[in-house]
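K.L.:
mind looking at a prediction? Sequence and model below.
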Amino acid sequence: MTQNGPKTLRSRDWFNNLERMDMTALYLERFMNYGVTPEELRSGKPIIGIAQSGSDLSPCNRIHIDLAKRTRDGIRDAGGIPIEFPVHPIFENCRRPTAALDRNLLYLGLVELLNGYPIDGVVLTTGCDKTTPAQIMAASTVDIPAIVLSGGPMLDGWHDGELVGSGTVIWRSRRKLSAGEIDEEEFLDRATSSAPSAGHCNSMGTASTMNAVAEAIGLSLTGCAAIPAPYRERGQMAYRTGKRIVDMVGEDLRPSRILNRDAFLNAIATVSVCGGSSNAQPHIIAMARHAGVELEPQVWQEHGYDLPLLVNMQPAGAYLGERFHRAGGVPAAMWELMNAGKLKGDALTCTGQSIADNLCGSESNDREMIRTFDEPLMEKAGFLVLSGNLFDFGILKTSVISEDFRQRYLSRDGKEGVFEARAIVFDGSDDYHHRINDPDLNIDADCILVIRGSGVIGWPGSAEVVNMQPPDALIRDGIAWLPTLGDGRQSGTSDSPSILNISPESAAGGGLSWLRTGDTIRVDLNSQSCDALVDKEEIARRIADDPQPTIPASQTPWEELFREKSSQLSEGGVMEFALKYRKTSAKLP
Ligand code: FES
Ligand code: MG
């Protein structure tokens with residue numbers, strides 16, 4: 001071990017316990033089955049876990065099954081012993097009722113593995129949305145040296161000469177289908193064209209966003225996040241990551257030395273200039289809280305809203321992951337922040353250097369893809385934080401507000417940034433799908449679509465459903481978006497200008513529970529307020545007299561436990577009781 005390193009490796013407690021040779025022998029014998037020798041295990045080499053997130057149930061992360069071979073080579077060459085093990089699979093699109101249930105489940109499982117086994121450091125293999133925050137949260141709790149290896153995005157998708165990005169193509173094609181411009185076969189063809197190879201979503205959805213965040217907070221090697229999964233450099237990055245984690249164990253470079261407030265502020269700034277996913281909000285709050293950093297809800301606005309959109313990637317921009325990588329990827333986007341004085345450059349990273357040192361020479365030479373502060377794609381493109389009589393916290397991702405929407409809602413009646421609309425309230429997504437085309441609702445361009453029962457408790461897990469599209473008839477009339485509002489989330493690949501992640505949710509007694517179809521909602525982006533124009537007496541009467549919206553019963557033990565233990569999205573949706581276990585491994589007997 002180096003001067004700064006741990007006096008002893010935690011794995012030696014298992015394999016070099018001279019007082020309990022019987023236990024040492026028991027621990028040793030089975031590892032020999034696959035070529036790790038007792039001599040090696042007892043030699044003082046660090047044991048490096050590879051938390052394997054890829055499987056057939058986790059197709060976005062499946063590339064890691066191949067990459068692990070290169071990661072192992074790197075670990076071996078640096079003098080470590082690789083031990084690969086599975087983590088709970090997460091597949092964003094397929095998991096019912098929602099993959100949001102699994103972030104905290106993967107977290108719990110990985111904490112037990114890292115704490116309970118002889119592991120000195122760990123490579124976290126990330127990709128699909130929640131696989132990144134879940135593993136980082138666990139590494140913080142156990143606080144052993146950890147490094148993130150992203151699997152990388154898919155290659156760019158093309159359809160009829162047009163770039164089609166993961167998820168984004170689905171939301172856009174859904175509108176075309178409703179407008180009668182394409183049929184169902186064409187819809188499916190466009191969707192599948194967006195997924196041409198192994199890898200995670202190739203747009204700046206939640207997966208690309210969260211892997212960018214892992215790099216921005218200093219837990220990935222420089223340039224790791226954006227390398228497409230099938231590229232040669234991805235395998236090389238796996239090898240280098242394997243080598244580096246061995247040195248990190250030697251340097252005792254734990255998450256608690258890297259993940260401070262500055263690291264998370266850098267992440268918020270990076271998400272803002274990238275036009276990143278609104279799901280970054282609960283995930284960054286959750287990772288920060290597990291790292292012992294309390295980020296106040298306003299932090300999104302104070303440290304991100306004023307920043308411009310620089311990365312020209314769908315859904316806020318035009319291009320996809322391959323071009324982003326070739327343009328310099330996350331380091332090039334962060335270089336612009338640093339150049340503009342908007343980055344905390346001293347933040348320590350997994351390289352052992354500061355983020356500013358890592359970013360030296362990262363300036364992009366593709367200005368169509370990565371813009372400068374002087375010529376951005378959009379000014380003030382971060383998240384706005386709203387509140388009012390309906391909720392204490394909700395966010396609006398401004399980088400996806402289209403010009404058409406701005407003209408129609410945010411500049412009308414000469415009142416910039418203010419509009420009033422008639423609420424159409426849906427109880428969950430089934431209700432929305434059943435009734436959205438019901439002519440009796442009289443939905444017109446002056447309506448706001450509201451969905452409740454889609455939060456942490458209501459769904460349960462919190463569903464990606466707030467990006468509700470208007471009725472087919474309105475779309476045929478050229479109205480592609482209505483304002484939307486909800487206590488669920490929406491896909492990071494969506495281009496819908498929604499007010500979402502509303503906390504407290506309806507099922508926790510939030511204001512959406514008393515809102516009625518026909519109420520007027522006033523949104524004022526200047527004062528960041530959103531209120532139902534219903535007087536206090538009427539609100540009190542509704543709360544006292546009217547039945548509460550119902551929510552579905554839990555279907556599994558975990559759903560029940562999740563509902564009981566998890567906080568609201570404004571608080572990161574974390575299991576509050578888990579926070580006190582930070583630095584768990586340090587307390588091992
Ligand atoms: Fe897994 Fe997008 S669905 S990365
Ligand atoms: Mg998603």
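P.N.:
That came through fine. Residues are numbered from 1 along each chain as shown. Ligands and ions are numbered 1, 2, ... in the order given.
K.L.:
pLDDT at Asn4, what is it?
P.N.:
For Asn4, the pLDDT comes out at 49.
K.L.:
what does the one 5 residues further on give?
P.N.:
Per-residue confidence (pLDDT) for Leu9: 92.
K.L.:
same thing with Leu588?
P.N.:
65.
K.L.:
who's in contact with the residue of the stretch 401-550 of the chain found nearest ligand 2?
P.N.:
Nearest to ligand 2, among the residues of the stretch 401-550 of the chain, is Ser491, at 4.5 Å (CB to the ion). (C-beta placed from N, C-alpha, C; glycine too.) With contacts defined as CB atoms under 8 Å, 6 or more residues apart in numbering, Ser491 is in contact with 167, 171, 205-206, 277, 464, 467.
K.L.:
which residues of the stretch 1-150 of the chain lie near ligand 2?
P.N.:
Residues of the stretch 1-150 of the chain lying near ligand 2 by CB under 5 Å from the ion: 92, 129.
K.L.:
so what's Ser150 bridging to?
P.N.:
Going by DSSP bridges, Ser150 is paired in beta bridges with Thr126.
K.L.:
dump the residue contacts of it.
P.N.:
Contacts of Ser150 (CB under 8 Å, 6+ apart): 126-127, 132, 200, 211, 214-215, 220, 224-225, 227.
K.L.:
quick one on the thing from earlier: so which of the contacts of Ser491 reach ligand 2?
P.N.:
Among these, the ones lying near ligand 2 by CB under 5 Å from the ion are Thr206.
K.L.:
JSON lines for the contacts of Ser491, including neighbour count?
P.N.:
Formatted as JSON lines, the contacts of Ser491 follow (neighbours: other CB atoms under 10 Å):
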{"residue": "Gly167", "neighbour count": "26"}
{"residue": "Trp171", "neighbour count": "17"}
{"residue": "Gly205", "neighbour count": "28"}
{"residue": "Thr206", "neighbour count": "31"}
{"residue": "Ser277", "neighbour count": "30"}
{"residue": "Glu464", "neighbour count": "27"}
{"residue": "Asn467", "neighbour count": "25"}
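K.L.:
just the contacts of Ser491: which are in strands?
P.N.:
The strands, defined by DSSP state E, take in nothing from those.
K.L.:
which one of the contacts of Ser491 is nearest Met338?
P.N.:
Among the contacts of Ser491, Ser277 lies closest to Met338 (CB to CB), at 22.6 Å.
K.L.:
got the contact list for the closest residue to Cys60 other than its chain neighbours?
P.N.:
Leaving aside its chain neighbours, Cys60 sits nearest to Cys128 (3.7 Å; criterion: CB to CB, 6 or more residues apart in numbering). Residues near Cys128 by CB under 8 Å, 6+ apart: 53, 58, 60-61, 90-92, 99, 200-201, 207.
K.L.:
first-to-last residue distance for stretch 394-407?
P.N.:
Terminal residues of stretch 394-407 lie 23 Å apart, using CA to CA, to the nearest Å.
K.L.:
residues contacting Asn61?
P.N.:
Counting by CB under 8 Å, 6+ apart, Asn61 touches 53-55, 89, 125-128, 131, 151, 200.
K.L.:
how far does the strand or helix carrying Ala544 sit from its chain's centre?
P.N.:
Ala544 belongs to helix 536-545 when assigned by DSSP states H and E. Distance of helix 536-545 from the chain centroid (CA atoms, centre = their mean, to the nearest Å) equals 37 Å.
K.L.:
repeat for stretch 28-42
P.N.:
For stretch 28-42, the distance to the chain centre is 38 Å (CA atoms, centre = their mean).
K.L.:
outside of that stretch, which residues touch it?
P.N.:
Stretch 28-42 has contacts (CB under 8 Å, 6+ apart) with 11, 15-16, 47, 81, 83.
K.L.:
what's the answer for stretch 231-248, then?
P.N.:
If you take CB under 8 Å, 6+ apart as the criterion, stretch 231-248 is touched by 46, 48, 63, 67-68, 70-80, 82, 121-123, 145-147, 149, 151-152, 220-221, 223-224, 227-228, 325, 350-352.
K.L.:
give me the residue from the stretch 401-550 of the chain nearest ligand 1.
P.N.:
Thr493 (7.3 Å; CB to the nearest ligand atom).
K.L.:
ok, the closest residue to that residue other than its chain neighbours - contacts?
P.N.:
Of all residues not flanking Thr493 in the chain, Gly167 sits nearest, at 2.6 Å (CB to CB, 6+ apart). Applying CB under 8 Å, 6+ apart, we find Gly167 in contact with 194, 201, 203, 205, 315, 491-494.
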